[in-house]
Structure formats: structure tokens, C-alpha cells
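*Asks:* 3D model of this:
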Amino acid sequence: MKSIEKDAVTIFTKYISPDAAKPIPITEQIRNDIVAKICGEDGMVDPNCFVIAQSVVLSVLEQQHFSGFLWSHHFCKYQIEVLTSGSVFLADILFSESALFYFSEYMEKEEAMNILQFWLAADNFQNQLAAKKGQYDGQEAQNDAMILYDKYFSLQATNPLGFGDSVRMEIESNICREGGPLPDCFTTPLRQAWTTMEKVYMPGFLSSNLYYKYLSDLINSVRADEFVNVSAQSQGGSADNERSGSNASEGSQTQQGAKKAAIKILKNFDEAITVDVASLDPESLYQRPYAGKMTFGKVNELGQFIREAEPEPDVKKSKGSMFSQAMKKWVQGNSDEAQEEMAWQIAKMIVNDVVHQSNHNSPGKSTKL
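*Replies:* Numbering: from 1, shown residues only. Sure, this is the predicted structure:
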């Protein structure tokens with residue numbers, strides 16, 4: 001018990017007392033209640049002495065800090081860590097607003113949007129009734145449930161989901177219950193819709209271009225924020241360097257280190273997952289900047305470019321690849337085309353001979369040019 005008392009006093013001194021080093025926003029009445037529970041008449045410490053203070057802190061976190069955290073690059077980094085961990089679950093997608101947007105697009109392309117829409121609507125219905133803890137209008141709840149029934153389950157449903165008669169009859173019984181439907185009215189179809197999305201559509205989504213685009217957007221968002229912070233730090237460092245020239249080299253090294261840290265945003269993040277958003281647009285292939293005159297031709301098995309059309313008279317002849325230049329140098333640079341062609345033929349014979357010997361020595365292996 002001495003250990004429990006010591007821990008309680010330590011927490012009180014650090015966060016609760018009037019001269020606390022890290023005070024939390026509680027009233028004097030709450031502080032007095034905590035003191036009374038720590039210093040009980042029986043000499044025992046109430047294990048729930050800090051519960052009221054915890055609820056106050058939780059409320060402050062939810063109202064003042066949590067919404068800002070959801071829009072911060074820290075939350076983006078957390079999402080990236082989860083989504084690249086190799087164990088992504090359906091809950092990670094459905095309960096993330098940004099991920100749900102991309103998953104909705106995927107489900108729409110798969111013509112399965114009705115399943116997702118039903119799950120979202122029924123889950124919202126269930127949560128709203130559960131939050132009222134039985135204190136709700138039964139008739140109003142029944143009307144809301146009938147909207148979902150008419151849309152997804154009735155024989156004349158506008159968006160039928162394909163549930164069997166047993167499920168439909170169970171829902172009818174739950175809706176027509178005396179006193180109105182309970183929060184678990186749609187539990188069975190909710191569970192089946194969840195399983196369908198998890199087993200049928202989730203694997204395809206995780207390997208789709210939409211998922212990689214989502215990851216790319218998250219990564220770019222984090223990097224943008226990281227580089228903004230680095231830029232702000234470097235500007236502050238520049239002002240200091242004007243006052244002290246001896247710190248110039250140190251500031252430069254710090255900035256370079258910060259940029260490297262920004263590029264490697266996660267210690268277990270594989271850079272290979274980075275996806276160029278432009279690569280997801282097939283039309284971008286035809287929108288590249290003009291690089292100059294094109295030459296039609298082909299590359300043979302030796303890597304030699306063979307032109308299929310003669311260049312225009314005013315076009316300077318290309319020197320070719322490094323291998324081509326080496327071949328020209330081998331035949332004394334300015335030799336005619338016949339000698340160059342002969343050199344290529346000799347090179348081809350040498351390569352074929354090496355391949356033949358390799359295949360002969362290792363019959364289980366084959367080499368292709």
C-alpha cells in the first residue's frame with residue numbers, strides 16, 4: 001500500500017496540486033475531492049481518485065486538440081505507418097475519412113457501392129440509437145429503419161443487396177418489434193456486408209492504383225509539411241548566421257541533415273512504394289514535352305540501334321551509343337560503313353560463341369540475348 005500511496009502523491013504533486021509543475025485545468029472542487037480520496041478516513045487510497053481528473057483531460061483533448069491532430073502531418077505519418085505495415089484491415093479504411101474516400105471510388109468502379117452505402121447507413125443508425133441509451137422515440141426509429149428496409153431488403157427494393165429470405169424476415173421482425181427497433185436491428189446484414197467487403201473487395205483495393213495514389217498523396221503531404229518546417233528553420237538559421245559568421249557551416253550541415261530526415265519520413269518505410277501520381281494517368285504519355293526530331297528504328301540483340309529511315313539532309317548524324325563509338329574506333333573511326341558492319345558481325349560471332357560454350361558447360365541453364 002505504501003507504493004500505491006507514493007504513486008498517488010507523485011501524480012498529485014505533478015499535475016493536481018496548486019503549485020504543480022505541469023498543472024491540468026481542473027476546478028478547486030475537483031482538487032479537494034481528489035485529496036479526500038487519497039487521504040481517506042480508513043487510511044486507504046481510493047483507486048478511482050483520479051477518474052474525474054481523467055475525464056476532464058479527455059474532454060480537453062477531444063475538444064481542443066484532437067481535431068487539429070487529424071489535420072496534421074503527424075496523423076498522416078501515422079496513417080502511412082499503418083498502411084505500409086503489411087497488415088491493413090478493413091477498419092483502418094472505413095474509419096479513416098481520407099481512406100474511405102478512395103475506397104468509395106474503388107467500390108463504385110467495382111459496381112459494389114450499394115454494399116458500402118448500406119453499411120455506412122446501418123452503422124450510423126445503430127450508433128445513434130445506442131447513444132440514446134434506450135431514450136428514443138420508437139416510432140421515429142421505426143420510420144428510419146423502414147427507409148433502409150425499403151431501399152435494400154424489400155421485394156421491391158431500389159438497391160437490392162441479394163440477402164436471403166431468412167435475413168429479410170429477421171429484419172422485418174426486428175423493425176416491427178413493439179416499442180420500436182433496437183440498435184442491433186441490422187446486426188446480421190451489417191456483419192455479412194462487412195465480411196463481403198473484407199474478403200471480396202479489400203484485397204483488390206490494396207493492390208489497386210487508387211490505393212497507391214492514396215499512399216502517394218499522404219507521402220507528398222507529409223513531405224510538403226516537413227520541407228516547410230525545414231525552410232522555416234533554415235530562415236531562422238540564416239538570421240543567426242548574419243550575426244555570427246562562425247555558425248554558417250554548422251547551419252548548412254543542420255539544414256542538409258533535416259532534409260535527409262524529411263526524405264526518410266519513416267524508419268521502416270520503403271522508398272519503392274512511392275508512386276508518381278502522373279504515372280497513374282495514361283494520357284500523360286502523350287503530353288510529354290517535345291524533345292526534338294525523332295528517328296525511327298529498332299535495337300537488335302546486341303544493343304545496336306538500326307535506323308529504319310534515312311535522316312533529313314540537314315540533320316547532323318548522331319554519334320550513337322558508347323558501344324557504337326567503341327566499334328567505330330575499333331575499325332579506325334573514319335572507316336566506311338562496310339568495315340563497320342563487318343566489325344558488328346565479328347562481335348556477334350564472338351557473343352554467340354560465348355553463349356554456345358556457356359550452354360554447353362551448363363546444360364541446366366540457358367542464356368538469352
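*Asks:* pLDDT wise, what is Pro160 at?
*Replies:* In the prediction, the pLDDT value recorded for Pro160 is 89.
*Asks:* Sorry, slip of the keys, the one I care about is Phe95.
*Replies:* 90.
*Asks:* quick one, what contacts it?
*Replies:* Phe95 is in contact with no residue at all, counting by Cβ atoms under 8 Å, 6 or more residues apart in numbering. C-beta here means a position set from N, CA and C on the backbone, and glycine is covered the same way.
*Asks:* Ramachandran coordinates for it?
*Replies:* phi -100, psi 20 (degrees, to the nearest 10).
*Asks:* do you know how far it is from Glu140?
*Replies:* Plainly put, Phe95 is 27 Å away from Glu140 if you go by Cβ to Cβ, to the nearest Å.
*Asks:* Same check on Tyr78?
*Replies:* Taking Cβ to Cβ, one finds Tyr78 at 39 Å from Glu140.
*Asks:* The two: which is more packed in?
*Replies:* Counted by other Cβ atoms under 10 Å, Tyr78 and Glu140 do not tie: Tyr78 has more neighbours, with 14 against 10.
*Asks:* So that one belongs to a helix, correct?
*Replies:* Yes - counting by DSSP: H, G, I helix; E, B strand; the rest coil, Tyr78 falls inside a helix.
*Asks:* Am I right that Ile52 is in contact with Ile34?
*Replies:* Yes - Ile52 is within contact range of Ile34, at 7.2 Å (criterion: Cβ atoms under 8 Å).
*Asks:* Comparing these two, which shows the higher neighbour count?
*Replies:* More crowded of Ile52 and Ile34, by other Cβ under 10 Å: Ile34, with 23 against 17.
*Asks:* for that one, what are its contacts?
*Replies:* 12, 16, 49-50, 52-53.
*Asks:* For those residues, could you give me TSV that also reports secondary structure?
*Replies:* As requested, the contacts of Ile34 are exported to TSV (three-state DSSP):
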residue	secondary structure
Phe12	helix
Ile16	helix
Cys49	coil
Phe50	coil
Ile52	helix
Ala53	helix
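*Asks:* what stretches of the protein score poorly on pLDDT?
*Replies:* 1, 224-296, 309-340, 360-369 (pLDDT under 70).
*Asks:* quick one: Gln63 from Leu70, how far?
*Replies:* Distance, Gln63 to Leu70, using Cβ to Cβ: 13 Å.
*Asks:* Looking at those two, which is more packed in?
*Replies:* Between Gln63 and Leu70, Leu70 has the larger neighbour count (other Cβ under 10 Å), namely 13 against 9.
*Asks:* Output stretch 347-363 as CSV - backbone C-alpha positions only.
*Replies:* The C-alpha coordinates for stretch 347-363 follow below in CSV (Å, rounded to 0.1, in the frame of the first residue of the first chain):
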residue,chain,number,x,y,z
ALA,A,347,31.2,-9.1,-82.5
LYS,A,348,28.0,-11.0,-83.0
MET,A,349,30.0,-14.2,-83.7
ILE,A,350,32.1,-13.7,-80.5
VAL,A,351,29.0,-13.3,-78.4
ASN,A,352,27.2,-16.3,-80.0
ASP,A,353,30.4,-18.4,-79.4
VAL,A,354,30.4,-17.4,-75.7
VAL,A,355,26.7,-18.2,-75.3
HIS,A,356,27.2,-21.6,-77.0
GLN,A,357,30.1,-22.5,-74.7
SER,A,358,28.1,-21.4,-71.7
ASN,A,359,25.1,-23.5,-72.7
HIS,A,360,27.4,-26.5,-73.4
ASN,A,361,29.2,-26.2,-70.0
SER,A,362,25.9,-25.6,-68.1
PRO,A,363,23.2,-27.7,-69.8
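*Asks:* Now it: buried residues?
*Replies:* Ala347 (16 or more other Cβ atoms under 10 Å).
*Asks:* Please apply the same query to stretch 173-191.
*Replies:* 174-175, 180-183, 185-186, 189-190.
*Asks:* can you give me the end-to-end distance of that stretch?
*Replies:* Using Cα to Cα, to the nearest Å, one end of stretch 173-191 lies 18 Å from the other.
*Asks:* what's that stretch in contact with?
*Replies:* Taking Cβ under 8 Å, 6+ apart as the rule, stretch 173-191 contacts 118-119, 122-123, 125-127, 129-130, 136-142, 145-146, 148-149, 152-153, 161, 163, 167, 170-171.
*Asks:* let's go with 7 Å and repeat that
*Replies:* The contact list for stretch 173-191, computed with Cβ atoms under 7 Å, 6 or more residues apart in numbering, reads 119, 122-123, 125-126, 129-130, 138-139, 141-142, 145-146, 148-149, 163, 167, 170-171.
*Asks:* Which residue ranges of the stretch 101-250 of the chain form helices?
*Replies:* 113-131, 138-152, 165-175, 187-196, 202-206, 209-243, 248-263 (DSSP state H, counting those that start in this stretch).
*Asks:* Noted, bye for now.
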